[in-house]
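1. Structure for the following, please:
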Amino acid sequence: MRSIRLARGTRVLVLTIGVSLHSISAMGDNPDLASYSSIHHISATRGSDDNGDGSVASPWASLRYTLSQIKTATESKVHAILIASGTYRTQNVSMKPYVHLYGGYDETFETRNLELEPTILDGRDQSGVIDGASHSILDGLTITRGRTRYGGGLCFYEVESATLSNCRIVDNYAYYSNLTLDSQRGIGGGLYCEDSSLMIVDCLIANNDAIDSGGGICCVGSPAPTLLRCTISNNLNHQSHYAGIILSRGGGIYCFRCSPSILQCTLHGNSTPQSGGGLFGYESSPLIEDCTISANEAQNGGGMAFNAECTPAISKSRILRNKASTNGGGLLTYRSSAPVISNCLFEGNAAMKDGGASYSESECKSTFIHCDLIKNEALGEGGGLLSIRTSNLVIKNSILWNRGDEIVSDSVSVSGSCVQGGWPGDGNVSVYPKFASPEGGDYHLQNGSVCIDSATVIPGYEEDIEGFSRMNEKGRADMGAYESPDGFSPEVNSFNPARFYVSADADLGGDGLAWETAYRSVDQAILESSSGTHEIWVSSGTYEESLSLESNLKILGGFSGAENSPEERSPESSPSVIDVSGLERPCRGAILRSGDLVDRFHFTGGETDRGGGVFLMGVSSATLDHCSFADNIASTRGGGISGYQSNLSIYECAFHDNQGGGIYLLESNADVSHCRFIGNSATWGGGLYGEESTVEVFGGDFRKNQ
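-> Residues are numbered from 1 along each chain as shown. Predicted coordinates:
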């Protein structure tokens with residue numbers, strides 16, 4: 001538990017870098033101009049390169065011309081350029097050393113407001129915008145529509161001690177001039193940085209595009225940049241090839257033999273067709289601290305990927321809801337890489353194949369210390385962690401509570417950890433950790449959690465994800481990423497209730513043990529049921545959540561919220577609806593696993609490649625009874641249900657108006673009894689289609705399918 005209390009949200013950060021932070025202006029502040037030997041002014045409306053003199057009264061009109069008028073700039077003679085709001089056509093402009101640019105001024109140059117007075121440097125999709133220089137500062141600028149081979153917006157090459165602050169680098173593009181493998185081209189859609197000491201502070205790098213790698217940023221060599229409080233979002237790569245080699249990596253950030261410091265940053269919504277949706281490192285060892293890496297997508301390593309002897313240090317960060325179409329939803333490492341991940345939360349990451357939270361192979365060693373791995377899932381193996389091909393896993397003082405297998409590894413050491421289903425090792429437990437509010441994304445421990453004071457303090461890891469001290473008076477620490485407050489204590493309780501109750505109208509904070517104290521979220525009941533309870537009763541209402549069931553779970557819907565037995569239900573008047581139409585695409589209603597029973601639910605609004613309503617893969621047996629599927633979409637097959645290498649029984653279910661067909665089965669066995677298929681559509685088998693499958697149909701109604 002915590003022995004030192006700090007204000008929640010307080011951050012203490014010590015930086016050792018080549019740029020003094022006093023030179024960086026806070027958002028919208030006027031810089032201290034007294035120390036500059038000369039100050040020049042640019043205006044889009046009043047300026048003239050022919051008749052101006054760079055003064056407030058008679059400003060120049062363009063950045064290129066203004067820079068040409070600065071003949072001498074040295075460490076003792078630093079120039080400032082103040083740029084009024086407006087849009088400036090800026091193409092292939094090369095900065096000069098010891099020149100500082102400040103945007104966001106009004107026409108009088110007396111006030112500065114970056115939001116109300118934006119200064120836009122526009123490359124007009126014809127060239128790069130700016131090439132950086134040593135000891136330069138760019139502050140308060142929007143750099144957009146640059147188009148070149150290296151760094152669509154900005155390029156820094158062998159630059160010493162430059163600063164980029166309070167800038168927006170948006171809608172830039174790095175392209176191939178021709179498809180030859182002469183070094184690296186089409187990289188760094190927003191920014192390219194090679195062998196440069198660059199400080200990037202409070203910047204937005206968004207909606208940039210690279211034909212090759214590093215949709216947002218590409219950094220190469222040493223020294224490396226530092227990113228502080230930046231947002232890297234919605235950048236992307238394309239699928240590029242040369243001689244069969246796939247080049248596209250690092251949708252947000254691409255590191256090539258470069259080890260940047262990435263501090264208090266957000267990497268969100270970036271994508272690449274290959275590896276490392278948020279970040280990719282090759283022979284790189286970045287420091288990643290206090291970051292949020294969320295909703296990124298890739299074929300491998302949805303959040304991050306590291307290749308070839310990388311040794312990244314990732315701490316106090318949140319890796320959330322990233323997706324991999326193959327392996328490693330949150331993280332992928334291979335070829336002798338050895339990440340150390342500490343005090344981190346991995347939540348809701350997904351892999352279509354293996355390793356929901358993390359996947360490693362080929363002589364890697366991944367170490368997890370004081371981490372929470374919660375609700376990650378893989379349709380193949382290792383909903384939590386998968387490590388193969390002579391790779392090793394070390395897990396200490398962590399909590400693993402995921403969908404499917406927690407750990408799949410040939411070589412693993414687990415100690416002082418809470419693992420769903422149990423795991424051999426010193427100090428491990430398997431009781432539900434009692435999170436504060438999983439449905440709200442709060443994974444602090446409740447008082448009484450078995451994880452409190454159950455771990456040994458590890459030197460070098462004395463603070464939790466929020467900066468609280470871990471050590472108590474007994475020298476003990478909590479398992480997981482979050483340390484509990486003083487006064488909390490563990491409570492050993494092996495009680496497993498007969499069932500959990502869920503109601504759409506319930507108050508948050510219920511214990512799920514009765515209708516009066518029901519959970520509001522079906523997913524919360526699933527999360528806790530894995531400690532030994534295998535039945536969930538769900539009352540009428542609409543639940544806007546995608547479900548991923550554990551094995552051998554019975555979920556019964558159609559209750560009014562007062563019944564004492566399933567026989568008392570009237571599902572026609574009390575429907576339980578799983579509606580995912582309002583969730584981020586792609587999304588499906590539910591994933592089933594072996595031994596599951598789903599009874600009296602309506603699934604709608606799913607939209608994904610396979611199984612918009614329900615998806616099964618490698619399931620030995622599952623049952624759907626009196627369920628209905630309507631208005632779900634699968635872009636390939638199985639709008640209502642898609643099953644692969646699975647055995648399932650489907651009784652008295654209804655399939656209406658699903659795109660991609662009502663049911664699609666591949667290499668599966670199914671009994672389909674007395675079901676209705678009406679108005680479904682697909683390229684093959686609008687109602688039901690089986691490929692290399694055995695399907696027995698008993699009765700039923702097939703109409704208007706196409």
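2. hey, let's count contacts and neighbours off CA atoms from now on
-> OK.
3. In the stretch 51-200 of the chain, where is pLDDT below threshold?
-> 177-184 (pLDDT under 70).
4. how about the helices in it?
-> According to DSSP state H, counting those that start in this stretch, the stretch 51-200 of the chain carries its helices in the segments 63-68.
5. How about the chain?
-> 63-68, 522-529 (DSSP state H).
6. so who does the most centrally placed residue in the chain touch?
-> With distances taken as CA atoms, centre = their mean, the residue of the chain nearest its centroid is residue 294 (1.9 Å). Contact partners of residue 294, counting by CA atoms under 8 Å, 6 or more residues apart in numbering, are 266, 267, 268, 269, 278, 303, 318, 319, 320, 321, 322.
7. give me that answer again for 7 Å
-> Shown in contact with residue 294 (CA atoms under 7 Å, 6 or more residues apart in numbering): 267, 268, 269, 303, 319, 320, 321, 322.
8. How about residue 599?
-> 555, 556, 557, 624, 625, 626, 627.
9. Dig out what it forms beta bridges with.
-> Counting by DSSP bridges, residue 599 forms beta bridges with residue 556, residue 625.
10. Also residue 333?
-> Beta-bridge partners, per DSSP bridges, of residue 333: residue 306, residue 360.
11. Ends of stretch 427-446, what's the gap?
-> 20 Å (CA to CA, to the nearest Å).
12. what do you get for stretch 440-451?
-> So stretch 440-451: terminal residues 20 Å apart, CA to CA.
13. give me the low-pLDDT residue ranges for this protein?
-> For the chain, the ranges with pLDDT under 70 are 1-28, 177-184, 239-247, 492-494, 531-532.
14. And the residue nearest to the centre of the chain, how close does it get to residue 191?
-> For residue 294, the distance to residue 191 - CA to CA - is 21 Å.
15. And for residue 344?
-> 28 Å.
16. same thing with residue 92?
-> From residue 92 to residue 191 the distance is 14 Å (CA to CA).
17. Those two: who's more crowded?
-> residue 191 (31 against 19; other CA atoms under 10 Å).
18. Can you name the residues bridging to the more buried one?
-> Beta-bridge partners, per DSSP bridges, of residue 191: residue 154, residue 217.
19. And it, how close does it get to residue 232?
-> Taking CA to CA, one finds residue 191 at 11 Å from residue 232.
20. Now do residue 155: how many residues are near it, please.
-> Residues near residue 155, counting by other CA under 10 Å: 26.
21. Apologies, that question was intended for residue 698.
-> Residue 698, neighbours per other CA under 10 Å, totals 11.
22. about what we covered before: can you tell me which of the helices of the chain is most buried?
-> helix 522-529 (a mean of 23; mean count of other CA atoms under 10 Å).
23. Out of the contacts of residue 599, grab the one that's most surrounded.
-> Busiest of the contacts of residue 599 [other CA under 10 Å] is residue 557, holding 28 neighbours.
24. picking up where we left off before, common neighbours of residue 191 and residue 232, please.
-> With CA under 7 Å, 6+ apart as the test, residue 191 and residue 232 both reach residue 216.
25. What residues does residue 37 make contact with?
-> Applying CA under 7 Å, 6+ apart, the residues contacting residue 37 are 77, 78, 79.
26. Regarding stretch 163-170, how distant is the last residue from the first?
-> First residue to last in stretch 163-170 (CA to CA) measures 18 Å.
27. likewise stretch 347-356?
-> 10 Å.
28. ok, residues contacting that stretch?
-> 319-330, 357, 373-386.
29. Right, I'll call it a day here.
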